[in-house]
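**Student:** sequence and predicted model, in that order:
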Amino acid sequence: SLRLWNLEDSNSYLKFTGHTGGVIGFEELSAGRVISWSKDATLILWDTQHVDVLSQSEDQKEIFLKFLSKERILTLVNDRVCRIRDVRNFDIISELDQCIGVISEVQDLSSSQILIRSDHGLRIWNIENDNEIVKLNGGAEAEIIEEVRELSNSRILLRSAHNLRIWNWEKGILLLEFTAHSARVKGVEVLSDDRIISWSTDDLHIWNSESGVAISEVHEGTKLLKDPYILSDGRILCILETINRPSSDSNIFCRLSDSRSGSTLAEIDLDTPSLEISARISRLSVTTLSENQILLCWNYDPSGCLIM
């Protein structure tokens, strides 16, 4: 059940009963309304002023997934149908069948397009006409989409293990594919001017999202030991290990690069044995002191700070 307490009088409260399973969550809406969802797979829209049920999901399994813009919610019905409701009146706006798999991400691309990512792939759904614009399957027969980033001009960037692809989600058209990485793609960042920074353990590329042309490869011949730090001004800080050097050498270093040209701005040797570096970099923090100074610190070692 839900209880509404009067904070001025701790003994005074209103009790809302209707769920048959434990309440998982609720959200306050406008005009004195509350929506709640529970383990019994039901949704209830409440009138808190009159302690009354305004609307309730039908006699079927309907699970709350996410709040969307414009007072809409996304739910999953019977583990296969994605449904969008208007929470003002609980009306069903749109439904998408075959919505299977564990849903890991939902994005509002626009007032009419919704992106849904699950372990079965990615779908972009036009809720005005219940049509799919893009459907990319995951699983054994295709690469699983691991990350989605929204770009300008109705474009989205999709990262899988070995590829980066840009789609126009309005038209459902694949615009370009970036396949320059020599190892599994670990991450991607979008800069303010739609340049893309993407990296694997073996390389880091800066490329143009309009043309797909690589602007530069930042650390050829080195191994990236930790995801790069993208500073607020767009500079890139990487912790690297030089490949094919004797293990006795001090070959762990920090490099600061320009994200426009890929050129090296500064380097500093960390002078740390390779056996210790994995423990140290996991606790590394980076602080920009000024345009010309960056502070690197290991949280567990006060003496392990240096200025670059």
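**Tutor:** Okay, I see it.
**Student:** and the helices in this structure, which stretches?
**Tutor:** 274-281 (DSSP state H).
**Student:** quick one: least confident helix or strand in it?
**Tutor:** Least confident element among the helices and strands of the chain, by mean pLDDT, DSSP states H and E: helix 274-281 (a mean of 53).
**Student:** for residue 253, what are its contacts?
**Tutor:** Residue 253 is in contact with 239, 240, 241, 242, 267, 268, 269, 270, counting by CB atoms under 8 Å, 6 or more residues apart in numbering. Any C-beta I mention is one placed from the backbone N, CA and C, and that applies to glycine too.
**Student:** partner residues bridging the second one?
**Tutor:** Judged by DSSP bridges, the bridge partners of residue 240 are residue 224, residue 253.
**Student:** okay, it and residue 215: tell me how far apart.
**Tutor:** Applying CB to CB, to the nearest Å, the value for residue 240 to residue 215 is 19 Å.
**Student:** so where's the stretch 201-308 of the chain uncertain?
**Tutor:** Counting by pLDDT under 70, the low-confidence segments of the stretch 201-308 of the chain come to 218-221, 243-250, 271-284, 289, 296-308.
**Student:** from residue 109, how far off is the nearest residue to residue 227 once chain neighbours are set aside?
**Tutor:** Take residue 227 and drop its neighbours on the chain: the residue closest to it by CB to CB, 6 or more residues apart in numbering is residue 187, 5.5 Å away. Residue 187 sits 22 Å away from residue 109 when distances are taken as CB to CB.
**Student:** returning to what we had before: is the residue nearest to residue 227 bridged to anything, and to what?
**Tutor:** Applying DSSP bridges to residue 187 gives these bridge partners: residue 199.
**Student:** neighbours of it, how many?
**Tutor:** Neighbour count for residue 187, taken as other CB atoms under 10 Å: 15.
**Student:** so who does it touch?
**Tutor:** 147, 159, 198, 199, 227.
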